[in-house]
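Q: Got a sequence here, can you build the structure:
(2 chains, ligands or ions: 2)
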Amino acid sequence: MLEIKDLVKKYGSFTAVDGLCLHVSEGSIFGFVGPNGAGKTTTMRIMAGLLPATSGSIWMEDVDLTKNPGQLRSKIGYMPDFFGVYDNLKVTEYMDFYAGAYEIPYKDRPALIDDLLEIVDLSHKKDAYVDALSRGMKQRLCLARSLIHDPKLLILDEPASGLDPRARVEMKEILKQLQQMGKTVIISSHILPELAEMCTEVGIIDRGRLAAQGTVQEIMKRLVQKRTIYLRPVEQLEKAAAILREQPSVQDIVENALDLEFHFDGSDQMLAGILRQIIDAGVPVVTFKEKEGNLEEVFMQVTGGESV
Amino acid sequence: MMNPVLRREAVTTMRNWKTYGALIIFLAITSVGAAFYVYVSMYQNYFYSNDPASMIWLYVVLAGMQMGLVMLATPAIAAGSISGERERQTLDLLLVTKMTPLSIVLGKMMSSLIYVLLLVVATVPVFGVAFYFGSISLGSILLMLLFILFMSVALSAVSVFFSCIFKKTVISIVLMYLIIGVLCVGTLILLAFYSLFMSRSGQGDISLLGGVLILLPNPGAAFFSMMDMQMGSGMMRSLLSMVPYSDGDTVRWMAEHLWMAHMVLCLVISAVFVLLSARMIDPIREKRRVKR
Ligand SMILES: Nc1ncnc2c1ncn2[C@@H]1O[C@H](COP(=O)(O)OP(=O)(O)O)[C@@H](O)[C@H]1O
Ligand SMILES: [Mg+2]
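A: Ligands and ions are numbered 1, 2, ... in the order given. Sure, this is the predicted structure:
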């Protein structure tokens, strides 16, 4: 779908993107992760044709976007990290304006706008003025706007930043829907866990270079020798701990009153085997899971501890 | 399909209270100016009469005021067109659409012009007074309005261009007023020096042409040239007569046709600055420049 080759962007003598190579496959939700200043926005602006690249190329359908951004405008939807709206304009008029800018015929617009507002859950705000919407609503409206020409590829720059938790959940729901609609989505964030659940693939960028790419699990496996596993049985905690102590791949068992944590260094199959042993031994396990906080650690490790 | 930028601007402009404020100010200045002139010329007149000649001058005064107001209003309206989008962070959203930089600039230009046109048309009834009392023809009034429109097109093209360059709208507006000042007053000072210089060196044939060229970009001079043609006011003629060694008939002809050349100049300037503006907001123009 999209192939970035040796992309370089220099601002004067400062290199913001430094030989970035990236592959985004069709239908994926690609998480573009990196600390602030890593070059995410710069890369996405080049993809959207808003910024000339210093060198390198971005290929989509055999077109180099760095040379002919105009050619694929109708196939790419872009939502910037910061954007504004117009005063004195209603939601439907706002959408109609961008529909016009994408040369959508007048007669198709009302139905299309209704559909899109439905997707982003703004149907009840049709006649509201855009500048009076909340930040989360504006964000959703902007997303609807970026969908107006039915693009194949969506480039979303930090769509979840600055949103309250509830608005984030809504944003995630919308993304899921987009994936079902068959769109390829590139979404950036400086927080990895924020993206982990919703992305099929993740690329970690640091100081303009790709530090790692793959599924969240792959990256974890490659980068983390020790995974932290959390276990909580209803009872017989000691029995479970005893089984764990026998495992060569298990270290640093920390026992608490009701649960325990341990570091694990091995394959998923081995981990599943350990769980089976514990259950076979009659321990009533309620929770057995990899700790979320790990992602943040991975991120720190990859980006040299400069994450936010 | 109507230019989307123009369509949107039309909606938001009509909803903005500032539009009505500007409209009221425009109307107020024009009608108070007209009333004041009528009062002074009629009731302060020794003969206390309705003198048709003074009514003809009412037309010149009204048209002049209209022209001055448009000169002030156009930069104020057009100079924010691109910088305003930048400030509001909506320009990128516009640039990623299928609209070309040229159509964005044209949309902005047209919305500014329609705004100016709205102000001008609103004051047309005041001209009815001149039309009614004086012997001025409807055609003359329309030609004069067309002239003002041309000037407004050129001014808005340059304003939009500045709006592409400068982040702050205020800078563009101030710069535009400076330029207008130089065009209206600076060229007159230049003409004075030129005449002084020419009267010493004395080359009759080229001296008039030089004088005309100096006055060509002056919208005020072009305006009075049109008034010369329409009313025989003779103001441009006396101005051009400053230039030494110029033959009377030629001066008269030049004085009455300068406005045409000025309108052509307006068109050329508009086209050049529209293209330049489109280039300025094209986000990947650096790339293209490298390729060429
Ligand atoms: N217009 C610019 N001029 C100079 N430096 C810039 C410009 N835009 C971004 N940068 C720098 O480039 C680097 C990458 O920025 P950006 O792409 O915005 O990172 P991210 O989106 O990952 O936070 C930063 O160090 C930033 O300071
Ligand atoms: Mg960014």
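Q: Give me the nearest residue to A:E26, chain neighbours excluded.
A: Closest residue to A:E26 apart from its sequence neighbours, by Cβ to Cβ, 6 or more residues apart in numbering or on different chains: A:M1 at 4.2 Å. In this view, the C-beta of every residue, glycine as well, is placed from N, C-alpha and C.
Q: Also B:S111?
A: Closest to B:S111 by Cβ to Cβ, 6+ apart is B:E9, at 3.5 Å.
Q: burial measure for that neighbour, as a count.
A: B:E9: 21 surrounding residues under other Cβ atoms under 10 Å in any protein chain shown.
Q: who's in contact with the helix or strand hosting it?
A: Following DSSP states H and E, one finds B:E9 within helix B:4-15. Residues from elsewhere that reach helix B:4-15 (Cβ atoms under 8 Å, 6 or more residues apart in numbering or on different chains): A:86-89, A:93, A:97-98, A:100-101, B:19, B:94, B:99, B:103-104, B:107-108, B:110-111, B:114-115.
Q: make it 6 Å
A: With Cβ atoms under 6 Å, 6 or more residues apart in numbering or on different chains as the test, helix B:4-15 has contacts from A:88-89, A:97, A:100-101, B:19, B:104, B:107, B:110-111.
Q: quick one: the next helix or strand after it to chain centroid distance?
A: For helix B:4-15, the following helix or strand on the C-terminal side (DSSP H and E) is helix B:17-38. Offset of helix B:17-38 from its chain centre (Cα atoms, centre = their mean, to the nearest Å): 18 Å.
Q: Can you give me the pLDDT of the residue of the stretch 101-250 of chain B found nearest ligand 2?
A: Residue of the stretch 101-250 of chain B nearest ligand 2, by Cβ to the ion: B:K167 (20.3 Å). What the model reports for B:K167 is a pLDDT of 93.
Q: burial measure for it, as a count.
A: Other residues near B:K167 number 11, with proximity taken as other Cβ under 10 Å.
Q: returning to that earlier point: the contacts of helix B:4-15 in helices, which ones?
A: The helices, defined by DSSP state H, take in A:97, A:100-101, B:19, B:104, B:107, B:110-111 from these.
Q: follow-up on the earlier one: please report how far the residue nearest to A:E26 lies from ligand 2.
A: Between A:M1 and ligand 2 the computed distance is 22 Å (Cβ to the ion, to the nearest Å).
Q: Run a quick neighbour tally on that residue.
A: A:M1: 16 neighbours (other Cβ under 10 Å).
Q: what's the answer for the one 5 residues further on, then?
A: By the criterion of other Cβ under 10 Å, A:D6 has 13 neighbours.
Q: Checking it next. Helix, strand or coil?
A: With DSSP: H, G, I helix; E, B strand; the rest coil as the basis, A:D6 sits in strand.
Q: what's the distance between A:E93 and chain B?
A: Distance of A:E93 to chain B, given as Cβ to the nearest Cβ, to the nearest Å: 6 Å.
Q: What sits closest to that residue if chain neighbours are left out?
A: For A:E93, ignoring the flanking residues on the chain, the nearest one in space by Cβ to Cβ, 6+ apart is B:V11 at 6.1 Å.
Q: Let me know the pLDDT of that neighbour.
A: So, for B:V11, pLDDT stands at 93.
Q: Present the ones in helices among the contacts of helix B:4-15 as TSV; the columns should include distance to ligand 2 and neighbour count.
A: TSV is the format used below for the ones in helices among the contacts of helix B:4-15 (distance: Cβ to the ion, whole Å; neighbours: other Cβ atoms under 10 Å in any protein chain shown):
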residue	distance to ligand 2	neighbour count
A:F97	26	23
A:G100	29	24
A:A101	24	26
B:T19	37	16
B:I104	25	26
B:G107	29	22
B:M110	35	19
B:S111	32	23
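Q: Find the closest residue to ligand 2 in the stretch 201-308 of chain A.
A: Closest point on the stretch 201-308 of chain A to ligand 2, by Cβ to the ion, is A:I205, at 10.7 Å.
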